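Trainee: Turn this into a model:
(chains A and B, ligands or ions: 1)
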Amino acid sequence: MIAPSHYDRSVLARFLTASEDNCPHDIAAHVENCEECQLALEGMINDGLTMKEAGRLLQQDSSAAAMPAGTGQDLPAELQQLSFLEPSDDASTLGTFGRYEILRVLGRGGMGIVMQAFDPVLDRACAVKVLAP
Amino acid sequence: MLEPETRETLIAQLSDPTALPAWEEFVELYQSVVYRVARNRGLQDADAEDLTQEVLMTVARKVEDFDFSKNGSFRGWLLKITRDLVVNKLTRDTKAMGSGDSEVLRLVNQQPERDATRSTLLLEHRRALLAQAAERLRPTIRRETWDAFWLTAVEGISISEAAARLNKTEGAIRVARCRVLAQLKKVIESDDSTFSL
Ligand SMILES: [Zn+2]
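Mentor: From the prediction side, this is the model:
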């Protein structure tokens, strides 16, 4: 039984996921100084993925076995500059790669780049990924 | 000059272009998952990268077989065929024992290895999702709120030391880290996908 001076679970649940701009100051001021509400929050948060598990998973993510990914800075120049594309008759595209019209770059990762493309033979959209050699 | 014919490319032919985001999301998430599972199962860096490329290219070819008109989740299907492929490729071909039951025996012998690969896959899947959610959430919240979580949960620093470092009360640290974890889970759940925890 939670005393009326504390917040109940539904209020605390909303408090947990409220964005910083919408986080009610009166609730924050109370729970930051109330052991009982802190215990309630910690109990609620460990339902499902626990603090401990989350910490362990993220810890290993920053370890050396992590895949080099994200910036694409390590990619060869031809992949970064798209110099492997052939000029296209269609001026609105980046160029062609084989039969594919390359529309835009969707992402660069440690292994290569992913591009949105159009396949004129099959007349449909596709994703083309070119892997670093 | 790169020739398309000689380059390894990962091309997904999707009969339904609206599935393109799901495919991209899958590739971005799963290339690190497959790589890490392969490393975990003992492969060296270059071999793990090769296996990752091989798996994703095989999946890309199979994408053409997926029938969007039939019921079933594209994401769920991608996950299943990819996991099966990884498990098969990372299972060593143990020699048959030479009896009439050799095929059965071979499968029995391989089972522990398959189970280990499968549970590593699930673990790495969770890790990749959480890391992706952290990357998205981090820029949207105040530095000291994030640090309250990161220092204590990930770096293993005590609540009291984190409070001293961040010039906060211990209560504020405990509340901040709970809020960060709750929001990480919310990001993952709202991801509108079956690539969930
Ligand atoms: Zn209270």
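Trainee: who's in contact with residue 87?
Mentor: As the question left the chain open, I've gone with chain A. By CB atoms under 8 Å, 6 or more residues apart in numbering or on different chains, the residues touching residue A:87 are A:95-96. All C-beta spots, glycine's among them, are computed from the backbone N, C-alpha and C.
Trainee: nope, chain B
Mentor: B:114, B:117-118, B:121.
Trainee: Now for those residues, which sits with the most neighbours around it?
Mentor: Using other CB atoms under 10 Å in any protein chain shown as the neighbour test, the contacts of residue B:87 are led by residue B:121, with 23 neighbours.
Trainee: Helices of chain A, start to end?
Mentor: Assigned by DSSP state H, chain A shows helices spanning A:9-17, A:25-31, A:35-45, A:51-61, A:77-80.
Trainee: Do any residues in the third one lie close to chain B?
Mentor: Yes: counting by CB under 8 Å from any CB of the partner chain, contacts between helix A:35-45 and chain B involve A:35, A:38, A:41-42, A:44-45.
Trainee: Could you turn the buried ones of those into a ChimeraX selection?
Mentor: Here is the ChimeraX command that selects the buried residues among the residues of helix A:35-45 next to chain B (16 or more other CB atoms under 10 Å in any protein chain shown):
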select /A:38,41,42,44,45
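Trainee: wait, doesn't residue B:166 sit right on residue B:149?
Mentor: No: taking CB atoms under 8 Å as the definition, residue B:166 is not a contact partner of residue B:149, at 11.0 Å.
Trainee: Please identify which of these two sits among more neighbours.
Mentor: Using other CB under 10 Å, the more surrounded residue of residue B:166 and residue B:149 is residue B:149, with 27 against 17.
Trainee: measure the residue lying closest to the more buried one once chain neighbours are set aside to the ion for me?
Mentor: Leaving aside its sequence neighbours, residue B:149 sits nearest to residue B:180 (CB to CB, 6 or more residues apart in numbering or on different chains; 3.7 Å). Separation of residue B:180 from the ion (CB to the ion, to the nearest Å): 20 Å.
Trainee: what about chain B, any weak spots by pLDDT?
Mentor: Chain B contains residues with pLDDT under 70 at B:1-15, B:17, B:71, B:93-102, B:191-197.
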